[in-house]
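> can't give you the sequence, but here's the structure:
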């Protein structure tokens, strides 16, 4: 099998457990060796940080990667259990100044999955750069040398960085403030124990801080309804002031107010946009393509410029970087999934950094007798919304999907109002909008529907069903909305 088959956007991802495993210790070793070879070609220091999340294969893969890198002559920093953002920051900390970083994670995906994310001081590898690394792995390229492996509390450097960020805005710390942290049995338990608690916060009501790669309580995903309901109930149960939930490797997050109001997806984007637009009037907020019309109106009401770009967190980040290079102020690139990257923080998508930005504002507002969701009280929420995932089959699934979208675009021009979109087809109708696009990775056409009045979802689903029926697709998901 070519290692290119494991490429998923800008990550390596595969099945790491069971009889169908296609990502093995040998595989991650070969790819790590190729990464070291690529780093050398780029003239970057052969100092590489390696870490893993709570997945059951994490320690095995870390050992394999570290040993292979040492054989390639690298100075290896074994960071153990840590977060994805902390691995990137190892390229920035003065004490380490790594030329590269490898995080062993598969984000929120099922427990049998695992993968690799790669970093240099410039950020995460692009899709093209990762392709080159995997081609080098297929060719068996590797360096020969005598390196060394150092183990230490490198996560402590990152914890100090985040604590200092809080203290800069809140010199008195968090004494008297009660925060629930839900790590989803992933790698984020340190945020409660090593960041919030030392600053005086009461984190006694936190849940699922212990790492467990089986994820026994709920999916470690801030987009997951059960996960959000779980932390919301916990915040209300223990009478906390604030709640924070992370995905497995802590590059995404969402929050909950003291009254249990869930703030994720469009509400999360609106909240952090409000904060940043007060700091950067007239700035550009770059989001993925499926954000709501209510969010667009909200950003405009705050004097911001909203750009919907292609899904995929690297796509959104890269577009914000492009705007910045053009001399435009683009302080935020954010997906509805909770990936949020700040210009002030190297355009790194860091769930802990996002959570702290929101936490600081929540503490300040509490001193005025307000909750943080008061900042988005005027955000118009859709009455009804849904996402349907239409599966494509056959070897020609990509061409079939592109044909459907092309036909939908022509149909939309004739019958409705076609909206500008950097990907897929977005159509306004009398009920709101619907948008269809090709999945970034899979043979699927996701369709997002948002309606401004009750009953609009059913009527929009009926129209879509009629349009899609001639293509021989499984439309059960649409039928259930009709």
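In hand now; what should we look at? If you're wondering where the values come from, they're calculated on a predicted model, not measured in any experiment.

> helix/strand/coil for residue 274?
Of the three states, residue 274 takes helix under DSSP: H, G, I helix; E, B strand; the rest coil.

> which residue packs closest to it, ignoring adjacent ones?
residue 375 (4.7 Å; C-beta to C-beta, 6 or more residues apart in numbering). Quick note: C-beta positions are derived from backbone N, CA and C, even for glycine.

> Check residue 362 too.
Leaving aside its chain neighbours, residue 362 sits nearest to residue 372 (4.2 Å; criterion: C-beta to C-beta, 6+ apart).

> check contacts around that neighbour.
Residues near residue 372 by C-beta atoms under 8 Å, 6 or more residues apart in numbering: 242, 255, 257, 263, 271, 358, 361-362, 365.

> how about the helices of the stretch 351-482 of the chain, start to end?
For the stretch 351-482 of the chain, applying DSSP state H, counting those that start in this stretch gives helices covering 351-366, 397-415, 456-468, 476-479.

> Residue 173: what's it in contact with?
Residue 173 makes contact with 166-167, 199-201 under the criterion C-beta under 8 Å, 6+ apart.

> State the distance from it to residue 326.
Separation of residue 173 from residue 326 (C-beta to C-beta, to the nearest Å): 40 Å.

> coming back round to it: pLDDT score assigned to the residue nearest to residue 362?
For residue 372, the model assigns a pLDDT of 97.

> swap in the one 4 residues further on?
Model confidence at residue 376, given as pLDDT, is 98.

> now do residue 289
89.

> So which of the contacts of residue 372 is the closest to residue 145?
residue 358 (44.6 Å; C-beta to C-beta).

> Look up how far residue 280 lies from the closest one.
Taking C-beta to C-beta, one finds residue 358 at 17 Å from residue 280.

> higher neighbour count, the two?
residue 358 (22 against 18; other C-beta atoms under 10 Å).

> Residue 128: neighbour count?
So residue 128, with other C-beta under 10 Å, has 8 neighbours.

> now do residue 342
By other C-beta under 10 Å, the residues close to residue 342 number 20.

> quick one: contacts for it?
Counting by C-beta under 8 Å, 6+ apart, residue 342 has contacts 276, 331-332, 348, 350, 353-354, 357.

> What of residue 287?
Residue 287 makes contact with 269, 295, 306-309, 316, 333-336, according to C-beta under 8 Å, 6+ apart.

> Give me the subset of the residues you listed lying in strands.
306-309, 333-334 (DSSP state E).

> Next, format these as TSV and append distance to residue 132, neighbour count and pLDDT.
Formatted as TSV, the ones in strands among the contacts of residue 287 follow (distance: C-beta to C-beta, whole Å; neighbours: other C-beta atoms under 10 Å; pLDDT from 0 to 100):
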residue	distance to residue 132	neighbour count	pLDDT
306	34	18	97
307	29	18	96
308	30	22	94
309	24	21	94
333	24	30	98
334	28	26	98
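
> of these, closest to residue 390?
Closest approach to residue 390 among those (C-beta to C-beta): residue 308, at 21.0 Å.

> State the distance from the closest one to residue 106.
Distance from residue 308 to residue 106, by C-beta to C-beta: 27 Å.

> Name the helix or strand of this structure that has the lowest mean pLDDT.
strand 417-419 (a mean of 89; mean pLDDT, DSSP states H and E).

> Touching that strand from outside, list them.
If you take C-beta under 8 Å, 6+ apart as the criterion, strand 417-419 is touched by 409, 412, 425-429, 433.

> Need the buried ones from the residues you listed selected in PyMOL.
Selection of buried members from the contacts of strand 417-419 for PyMOL, criterion 16 or more other C-beta atoms under 10 Å:
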select buried, resi 409+412+425+426+427+429+433
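
> show me where the stretch 51-200 of the chain has strands.
In the stretch 51-200 of the chain, the strands defined using DSSP state E, counting those that start in this stretch lie at 75-81, 100-104, 113-120, 123-124, 148-151, 179-182.

> what's the closest of those strands to residue 477?
strand 113-120 (23.7 Å).

> Partner strands of that closest one, with direction?
Here strand 113-120 has these sheet partners by DSSP bridges: strand 11-15 (antiparallel), strand 100-104 (antiparallel), strand 123-124 (antiparallel).

> picking that back up, burial check on the residue nearest to residue 274, number of neighbours?
21.

> pretty sure it is touching residue 272, no?
No - the pair residue 375 and residue 272 fails to qualify as a contact (C-beta atoms under 8 Å) at a distance of 9.7 Å.

> so residue 299 makes contact with residue 276?
No - counting by C-beta under 8 Å, residue 276 is not a contact partner of residue 299; they are 10.2 Å apart.

> Point out where this structure drops to low pLDDT.
Filtered on pLDDT under 70, the chain yields no residues whatsoever.

> does the spatially most central residue of the chain have beta-bridge partners, and which?
For the chain, residue 339 is the residue whose C-alpha lies nearest the centre (C-alpha atoms, centre = their mean; 3.3 Å). Beta-bridge partners for residue 339, by DSSP bridges, are residue 252.

> Then residue 288?
Here residue 288 sits in beta bridges with residue 309, going by DSSP bridges.

> Can I get the contacts of residue 287 in CSV including distance to residue 217?
Converted to CSV, these look like this (distance: C-beta to C-beta, whole Å):
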residue, distance to residue 217
269, 27
295, 30
306, 36
307, 37
308, 34
309, 34
316, 30
333, 31
334, 27
335, 24
336, 24
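
> which one is residue 222 nearest to, not counting chain neighbours?
Among residues not flanking residue 222 along the chain, residue 254 sits closest, at 3.6 Å (C-beta to C-beta, 6+ apart).

> Look up how far residue 265 lies from the one you found.
For residue 254 relative to residue 265 (C-beta to C-beta), the value is 8 Å.

> If I follow the layout properly, residue 91 ends up in contact with residue 103?
No - using C-beta under 8 Å, residue 91 makes no contact with residue 103, being 11.9 Å away.

> The two: which is more packed in?
Just comparing residue 91 and residue 103: by other C-beta under 10 Å the higher neighbour count belongs to residue 103, 28 against 23.

> For the more buried one, which residues are in contact?
Counting by C-beta under 8 Å, 6+ apart, residue 103 touches 50-53, 82, 84, 87, 116-119, 249.

> Could you rerun that using 7 Å?
For residue 103, the contact set (C-beta atoms under 7 Å, 6 or more residues apart in numbering) comprises 51, 84, 87, 117, 249.

> follow-up on the earlier one: between the strands of the stretch 51-200 of the chain, which one is nearest to residue 34?
Among the strands of the stretch 51-200 of the chain, strand 113-120 sits nearest to residue 34 (C-beta to C-beta), with 10.3 Å.

> So what touches that closest one?
Contacts of strand 113-120 (C-beta under 7 Å, 6+ apart): 11-16, 23, 28, 31, 35, 44, 55, 57, 61, 84, 87-88, 91, 99-106, 124-125, 130, 133.

> could you redo the last one with a cut-off of 8 Å?
Everything outside strand 113-120 that qualifies as a contact, by C-beta under 8 Å, 6+ apart, is 6, 8, 10-16, 23, 28, 31-32, 35, 39, 42, 44, 55, 57-58, 61, 84, 87-88, 91, 99-107, 124-125, 129-130, 133, 249.

> Quick check: residue 291 touching residue 270?
No - with contact defined as C-beta under 8 Å, residue 291 does not reach residue 270; the gap is 9.4 Å.

> Compare those two (neighbour count), which wins?
Between residue 291 and residue 270, counted using other C-beta under 10 Å, the more crowded position is residue 270 (26 against 23).
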